[in-house]
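Participant: Need coordinates for the below:
(one chain, ligands or ions: 1)
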Amino acid sequence: MTTHKQLVLSGMQPTNTLHLGNYLGALKNWVRMQSEMPCLFCVVDMHALTQESGYAKADDVRRATREVTAAYIAAGVDPARTPIFNQSQVAEHGELAWIFNCVARLGWLDRMTQFKEKSGKHKERSSVGLYTYPVLMAADILVYRATHVPVGEDQKQHLELARDIAQKFNNDFGVEDFFPQPEPVITGPATRVMSLRDGAKKMSKTDESDNSRINLTDSADTIAQKIRKAKTDPNPLPEDKKGFEGRPEAENLVNIYAALADTTPDAVLGEYGGKQFSEFKNALAELTVARIAPIADEMRRLLADEAEIDRILKDGAQKARAIAAPIIAETKKVVGFVG
Ligand code: AQP
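Facilitator: Residues are numbered from 1 along each chain as shown. Predicted coordinates:
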C-alpha cells in the first residue's frame, strides 16, 4: 500500500511540432487531469538530444521547446495552476538518472521496443542516450515521487521499467516505499494514433513524411488535404469492429474520429458503417479542423510573445525544483553520498 500523495507527471520531447497523436494520446488527458489531481508537465529537452532525425541544431530545440510549451497552454493546460517547465532547468532529473543508471539492468533495457524501432538497423551508431532514455524517464517521474503518468500506449513499456527501477531501488537500499510505483494512465479510443501513410507505424514527430501526421499547427486546408490523401483500402467502412481485421488504416481513422468526437468507435461505425471512405474522410476532416484549428490559432498568438513563454517556463522550473530538491537530497543520503 503506497503512502504517496497523488501527483501527475508527464512530458513531451521538443523534437518537432506536436501532432494529433501527441494530442489524443496524452495532451487531451492532461487537460482533464489537472482538475482531478496536482500535475506537473515538462518539455523534455534532454530527451530531445537523444535523436538525430527531426532536429539537428540548437536553434531547432529552442524553437520546438517554446512551441511545445505554447501547445500545452493552447490545448488547455493552465500554467497558473500547473507548473510547465523544461527538464534541463531542473538539474535533479539528471542527478537521479545517474543513480538509476546504476540500479537498472542492461537486460531490462535490451527489451525496450522503442529503442529497437528508433535505432533501426544501425544500433551501434545510436547514441548511448537513446539507449538509456527510459532510465532518464524514470528519473523524470520519480524525482517528484509522481504517482500517475498520462501517456500513449507506446510509453507503457517505459512506465513498467520505471516501476521496476523504483522497486529495485527500494529493495536494494532497504527503504520500503521510498519511491512510489507510478501508474500509467492510458485512456480514450486513440491511445496509439497511427501514421496516415502506414497503419502499422505510429504517428510520429520525426517521421520523414509530413503527410504521415496532422501537426497541431497545420492550416485547415492542409488538414483536409492530409486526411483526403490518407491511405485506405477500396472497401466501404465495416459495419462493426470485427471488420477492422487486416484493415489497420480504417481502424486508425475511425479511432481518431471517435477520440475527437468524444465517442466510441462502435458509435462511429453505427453512423458510417457501409459508407464510402470519401464521405467519411470529409466528415473527419471537418471534425479535425474544428478541434485543432483553435489550438493552432492560440499557439500562434502565444508564440508572438517569446518572453512570456520563457517566463512561464522559468516560473514552472522554480516550482518543480522546490519539489525535487528535498527528494534528491534524501536519495543521496540513502545511497551514501556525504554532503
Ligand atoms: N502516435 C501516437 N499515438 C498516441 N500517443 C502518442 N504519443 C506519441 N506519439 C503518439 C504520446 O505523446 C507523448 C509525448 O511523446 P514524446 O514527445 O515523448 O515522444 P514519442 O512518444 O517518441 O512521440 P513521437 O511523436 O513519436 O516523437 P519522436 O518522433 O520525437 O520520437 C507520450 O505520452 C506518447 O505516449
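
Participant: if I read this right, residue 275 contacts residue 236, doesn't it?
Facilitator: Yes: counting by Cβ atoms under 8 Å, residue 236 is a contact partner of residue 275 at 5.9 Å. Any C-beta I mention is one placed from the backbone N, CA and C, and that applies to glycine too.

Participant: What residues of the helix ranked longest in the chain count as buried?
Facilitator: Longest helix in the chain by number of residues, with DSSP state H as the criterion: helix 306-335. Buried residues in helix 306-335, defined by neighbour count with 16 or more other Cβ atoms under 10 Å: 309, 312-313, 316-317, 319-321, 323-324, 327-328, 331, 334.

Participant: give me the residue from the stretch 51-200 of the chain nearest the ligand.
Facilitator: Proximity of the stretch 51-200 of the chain to the ligand (Cβ to the nearest ligand atom) peaks at residue 152, 2.4 Å away.

Participant: Can you tell me which residues in the stretch 1-150 of the chain are near the ligand?
Facilitator: Within the stretch 1-150 of the chain, the positions adjacent to the ligand are 12-13, 15, 21-22, 25-26, 54 by Cβ under 6 Å from any ligand atom.

Participant: Apply 5 Å and report the result again.
Facilitator: Within the stretch 1-150 of the chain, the positions lying close to the ligand (Cβ under 5 Å from any ligand atom) are 12-13, 15, 21-22, 25-26.

Participant: Which two of the residues you listed have the greatest separation?
Facilitator: Greatest spacing in those, by Cβ to Cβ: 15 and 25 (15.3 Å).

Participant: the more surrounded of those two?
Facilitator: The residue with more neighbours, out of residue 15 and residue 25, is residue 25; 26 against 23, by other Cβ atoms under 10 Å.

Participant: Surely that one and residue 151 touch.
Facilitator: Yes: in this structure residue 25 lies within contact range of residue 151 using Cβ under 8 Å: 7.2 Å.

Participant: Please look at residue 216 and residue 292 and confirm they touch.
Facilitator: Yes: the criterion here is Cβ under 8 Å, and residue 216 meets it with residue 292 at 6.2 Å.

Participant: shared neighbours of the two, anything?
Facilitator: Residues touching both residue 216 and residue 292 (Cβ atoms under 8 Å, 6 or more residues apart in numbering): 20, 23.

Participant: Now do residue 254, the pLDDT please.
Facilitator: As predicted, residue 254 sits at a pLDDT of 97.

Participant: in the protein, which helix or strand is least confident?
Facilitator: helix 113-119 (a mean of 91; mean pLDDT, DSSP states H and E).

Participant: Dump that one to CSV, keeping only the CA atoms.
Facilitator: The C-alpha coordinates for helix 113-119 follow below in CSV (Å, rounded to 0.1, in the frame of the first residue of the first chain):
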residue,chain,number,x,y,z
THR,A,113,11.0,-2.0,-28.2
GLN,A,114,11.2,1.8,-28.7
PHE,A,115,15.0,1.6,-28.8
LYS,A,116,14.8,-1.2,-31.4
GLU,A,117,12.4,0.9,-33.5
LYS,A,118,14.3,4.1,-33.2
SER,A,119,17.8,2.7,-33.6
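
Participant: next helix or strand past it?
Facilitator: Sequence order places helix 128-142 as the next helix or strand after helix 113-119, per DSSP states H and E.
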